[in-house]
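K.L.:
pasted the sequence and its predicted model underneath.
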Amino acid sequence: MTIISLKKQLMQFFDASFLEKTARKCGFTQRARAIQPQQLVLSLLAALSKGNCHAIADLHRQFNGMCLSEKQNVAYKPFHNQLRKDSFADFMKELVKFATVQLLQKSSRSIPAKLSHFDDVTLQDGSSFRVHDGLREVFPSRFKNYPAAIECHMTMSLFDQSPKTMTVTADTASERTYLPTPGNIEKKLLLADAGYVDFSYFEQLSRHNGHFIVRGGKSLNPTIVNAHNGNGRRLPRLIDMKLKDISRKTNRSEVLDLRCKRGKYEFRVVRRWFAEEKRFCLWLTNLPTSQFSADDIMALYRCRWQIELLFKELKSHTNWRRFVTAQKAIAEGLIWASLLALIVRRSIAITSLPSVSVFKAAKNVDVWLLPILESLMHQARSEISGRLEWAMVYISMNARKAAQRKSKKDRTLDGIYEKLNA
């Protein structure tokens, strides 16, 4: 994508009339006010991207700091009143939906041949964080040491390296409730951790031509229908045994590739023994053994770490942490605004350098991103191209991925892809 097309894309998304129309549609704006939607959105993205925002007063100062003149400055109370509207969260959520369609581009990273069978690889996970104790009735926590916490349930695309959907709930909500519908995983591969084990859901996925790799829990104990070791040698002695009955004394294979049955549903279990930690790890899947070996299953599951890295980026570099407010609308709205800031930042960074380290790019937003947001806010069209060009030069020189040691290479996405292609 060229600077001209990126500039056009950003100007369309942050167009004052588009943001005004969206704000009115959500009920956030009902009449002309001193705080315009365009100014508010861009100042919020700037403040949250810096990662050092601790209070609503910080957001207010950023808003006034980006105004061209003192006459455009607003007092704290009217600024706070805008954020505490119930429709503020709806407005931010709607902008995130538009951003995932308009700003995010398909990753230029080549996909391994083994993944070309799928339309996409979907990563599912949730992350929780503490919020103001005054929100304990709205967002109760699972833990006794703090009364209020929010859980964000996210679905991410591995191919696009971008979030697709998110739901904000209380920390006590069940993770499995927010799994993608089986119809949405048709011709796709789902990767999820042990909190998402649901055999009824797995059966529905299989009927919809969807595939999954999910980490198995300690309580899993199906009956073995067929068994092989990691090298493909058949192990007939293990047939009809229960999974928990296979100990290190029963079988010394480091990796077992098992066909198992639970009720009428048959599925595949890959089990590996980790000698240093003295424990087994399990992965459940419905991928065929003819196309995916046990090593492939374990390598593919490591791709799930990309959604953990996205949550880390949100928490570390987009201010996704405890918000000092007891207002539900503000807390929820700022979560969506943080996600919007990440999408905008990643869009520009990945366009500038396809092999960019998004973490390195996120650490220096005051150098390359804030000038772009200021130009958009001031509608200085002649400046935007120059600042985008500078951002691309800066990112290409200062946000490249570092070379990894051989011992760590298999943990990176590039290393996993290389192994799958071997």
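P.N.:
Cool, the structure landed. Numbers count the residues shown, from 1 in each chain.
K.L.:
do I have it right that residue 260 meets residue 282?
P.N.:
No - with contact defined as Cβ atoms under 8 Å, residue 260 does not count as touching residue 282 (10.1 Å). Heads up, the C-betas are built off the backbone N, CA and C, glycines and all.
K.L.:
list the contacts for residue 72?
P.N.:
Contacts of residue 72 were listed using Cβ atoms under 8 Å, 6 or more residues apart in numbering, and they are 34, 39, 64.
K.L.:
let me redo that: residue 349
P.N.:
356, 358, 361, 362, 395, 399.
K.L.:
quick one: the helices in the stretch 201-350 of the chain?
P.N.:
294-301, 305-317, 328-352 (DSSP state H, counting those that start in this stretch).
K.L.:
who wins for neighbours among the contacts of residue 349?
P.N.:
Neighbour counts for the contacts of residue 349 (other Cβ atoms under 10 Å) peak at residue 361, which has 27 neighbours.
K.L.:
can you verify it is assigned to a helix?
P.N.:
Yes - assessed with DSSP: H, G, I helix; E, B strand; the rest coil, residue 361 lies in a helix.
K.L.:
that one and residue 345 touch, don't they?
P.N.:
Yes - with contacts defined as Cβ under 8 Å, residue 361 counts as touching residue 345 at a distance of 6.9 Å.
K.L.:
about what we covered before: common neighbours of residue 260 and residue 282, please.
P.N.:
Common neighbours of residue 260 and residue 282 are listed as residue 269 (criterion: Cβ under 8 Å, 6+ apart).
K.L.:
would you mind measuring from residue 113 to residue 422?
P.N.:
11 Å (Cβ to Cβ, to the nearest Å).
K.L.:
can you tell me which of the helices of the stretch 201-350 of the chain is most buried?
P.N.:
Stretch with highest mean neighbour count among the helices of the stretch 201-350 of the chain: helix 328-352 (a mean of 24; mean count of other Cβ atoms under 10 Å).
K.L.:
tilt between it and helix 305-317?
P.N.:
Computed by axes from the mean of the first three to the mean of the last three Cα atoms, to 10 degrees, the angle separating helix 328-352 from helix 305-317 equals 110 degrees.
K.L.:
so how far is helix 328-352 off the chain centroid?
P.N.:
Relative to the mean C-alpha coordinate of its chain, helix 328-352 is positioned 11 Å out (Cα atoms, centre = their mean, to the nearest Å).
K.L.:
now stretch 61-77
P.N.:
Averaged over its C-alpha atoms, stretch 61-77 has a centre that lies 33 Å from its chain's centre (Cα atoms, centre = their mean).
K.L.:
and for stretch 259-268?
P.N.:
Between the centre of stretch 259-268 and the centre of its chain there are 31 Å (Cα atoms, centre = their mean).
K.L.:
pLDDT of it, averaged?
P.N.:
Mean pLDDT, stretch 259-268: 95.
K.L.:
in it, what's buried?
P.N.:
259, 260, 262, 267, 268 (16 or more other Cβ atoms under 10 Å).
K.L.:
now do stretch 181-188
P.N.:
For stretch 181-188, the buried set under the neighbour-count rule, 16+ other Cβ under 10 Å, comprises 182, 185, 188.
K.L.:
can I get it as PDB, trimmed to CA atoms?
P.N.:
Included here for stretch 181-188 are C-alpha records, laid out as PDB according to Å, rounded to 0.1, in the frame of the first residue of the first chain:
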ATOM      1  CA  THR A 181     -20.700 -20.000  16.400                       C
ATOM      2  CA  PRO A 182     -19.800 -23.300  14.600                       C
ATOM      3  CA  GLY A 183     -21.100 -21.900  11.300                       C
ATOM      4  CA  ASN A 184     -18.500 -19.100  11.500                       C
ATOM      5  CA  ILE A 185     -15.700 -21.700  11.700                       C
ATOM      6  CA  GLU A 186     -16.600 -23.500   8.500                       C
ATOM      7  CA  LYS A 187     -13.400 -24.200   6.500                       C
ATOM      8  CA  LYS A 188     -11.400 -22.600   9.300                       C
END
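K.L.:
which is the next helix or strand following the helix or strand bottoming out on mean pLDDT in the chain?
P.N.:
The least trusted helix or strand in the chain, going by mean pLDDT, DSSP states H and E, turns out to be helix 406-409, with a mean of 62. For helix 406-409, the following helix or strand on the C-terminal side (DSSP states H and E) is helix 413-421.
K.L.:
and the angle from that next one to helix 305-317?
P.N.:
180 degrees.
K.L.:
other SSEs contacting helix 413-421?
P.N.:
For helix 413-421, the contact count by 3 or more Cβ pairs under 8 Å, 6 or more residues apart in numbering; DSSP states H and E identifies helix 294-301, helix 406-409 as packing neighbours.
K.L.:
now do the buried residues in that helix.
P.N.:
Of the residues in helix 413-421, those buried under the neighbour-count criterion (16+ other Cβ under 10 Å) are 413, 415, 416, 417, 419, 420.
K.L.:
three-state assignment of residue 31?
P.N.:
For residue 31, the assignment made with three-state DSSP gives coil.
K.L.:
same deal with residue 27?
P.N.:
Assigned with three-state DSSP, residue 27 falls in the coil class.
K.L.:
OK, contacts around the spatially closest residue to it that is not a sequence neighbour?
P.N.:
Once flanking residues are discounted, residue 27 sits nearest to residue 87: 4.2 Å by Cβ to Cβ, 6 or more residues apart in numbering. Residue 87 makes contact with 26, 27, 28, 329, according to Cβ under 8 Å, 6+ apart.
K.L.:
show the buried residues in these.
P.N.:
26, 28, 329.
K.L.:
of all those, which comes closest to residue 52?
P.N.:
residue 329 (23.2 Å; Cβ to Cβ).
K.L.:
just confirm the closest one contacts residue 86, I think it does.
P.N.:
Yes - judged on Cβ under 8 Å, residue 329 makes contact with residue 86 at a distance of 5.0 Å.
K.L.:
so which of the helices of the stretch 201-350 of the chain is nearest residue 171?
P.N.:
Across these, residue 171 has its closest neighbour in helix 328-352 (12.7 Å, Cβ to Cβ).
K.L.:
same question for the closest one, mean pLDDT?
P.N.:
Per-residue pLDDT values over helix 328-352 give a mean of 92.
K.L.:
do stretch 13-30 as well
P.N.:
Confidence over stretch 13-30, taken as the mean pLDDT, stands at 94.
K.L.:
before we move on, what about stretch 212-226?
P.N.:
Mean predicted confidence for stretch 212-226 is 95.
K.L.:
burial of residue 233, as a residue count?
P.N.:
Under the neighbour criterion other Cβ under 10 Å, residue 233 is assigned a count of 10.
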